[in-house]
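Asks: how would this look folded up:
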Amino acid sequence: MKANIDKLAPQKHLIDLTDYRDSGEVMPSNFELGSVYGDVIIVAPIDENDLGEVDKGGIFIPQNAANSAWRTGLVVLTGKDVKEVEPGEYVIYPNDRGFVVKNLEIKDFGKVAVASFLNEERLFGKCHPKEFNILEDTAE
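Replies: Next up is the predicted model:
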């Protein structure tokens, strides 16, 4: 049986990123991130436009209206205890959990404009881009 991270008492070794959603911290420009610990995952959102609005079925809504919505993102980096996902995979995750950072430089990856640090347990699941075939969509 898995423990619910929301019900665990704070412990020294537990990295709980529950209450950091609105941080918007900026990584110092003279540093790059090389790794993360434990079950921490860095996810870059892929459902956001340049204005920070979130795509919900082709309709872009303001970020503050999407606080309790789910998001879609690309896994950029994972800690050694992450078991279910790997960098390069797409995931669905809650918008109101995690620690948001901007302009994050990641070693061997490059710069990520916006990213969230999340615990693996916070992820809802993996997702995959659908292939679009114009012939299938126009055939009658």
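Asks: mind listing the helices in this protein by residue range?
Replies: 134-138 (DSSP state H).
Asks: Show me the residue sitting in the middle of it in space.
Replies: Against the mean C-alpha coordinate of the chain, by C-alpha atoms, centre = their mean, the closest residue is Val43 at 2.9 Å.
Asks: Roughly how far does that one sit from Gly88?
Replies: 12 Å (C-beta to C-beta, to the nearest Å). (C-beta placed from N, C-alpha, C; glycine too.)
Asks: Between those two, which contacts overlap?
Replies: Contact criterion C-beta atoms under 8 Å, 6 or more residues apart in numbering; residues shared by Val43 and Gly88: Leu74, Val75.
Asks: low pLDDT regions in the protein?
Replies: 1-28, 66, 132-140 (pLDDT under 70).
Asks: in it, which spans are strands?
Replies: Assigned by DSSP state E, the chain shows strands spanning 25-26, 40-45, 54-56, 59-61, 70-78, 90-94, 99-106, 110-119, 125-127.
Asks: so which of these is the most packed in?
Replies: strand 40-45 (a mean of 24; mean count of other C-beta atoms under 10 Å).
Asks: Tell me what angle that one forms with strand 70-78.
Replies: Here strand 40-45 points in a direction 130 degrees away from that of strand 70-78 (axes from the mean of the first three to the mean of the last three C-alpha atoms, to 10 degrees).
Asks: Give me the helices and strands touching strand 40-45, please.
Replies: Contacts defined by 3 or more C-beta pairs under 8 Å, 6 or more residues apart in numbering; DSSP states H and E place strand 40-45 against strand 70-78, strand 90-94, strand 110-119.
Asks: Can you name every helix or strand that the longest one contacts?
Replies: Contact analysis of strand 110-119 by 3+ C-beta pairs under 8 Å, 6+ apart lists strand 40-45, strand 70-78, strand 99-106 as its packing neighbours.
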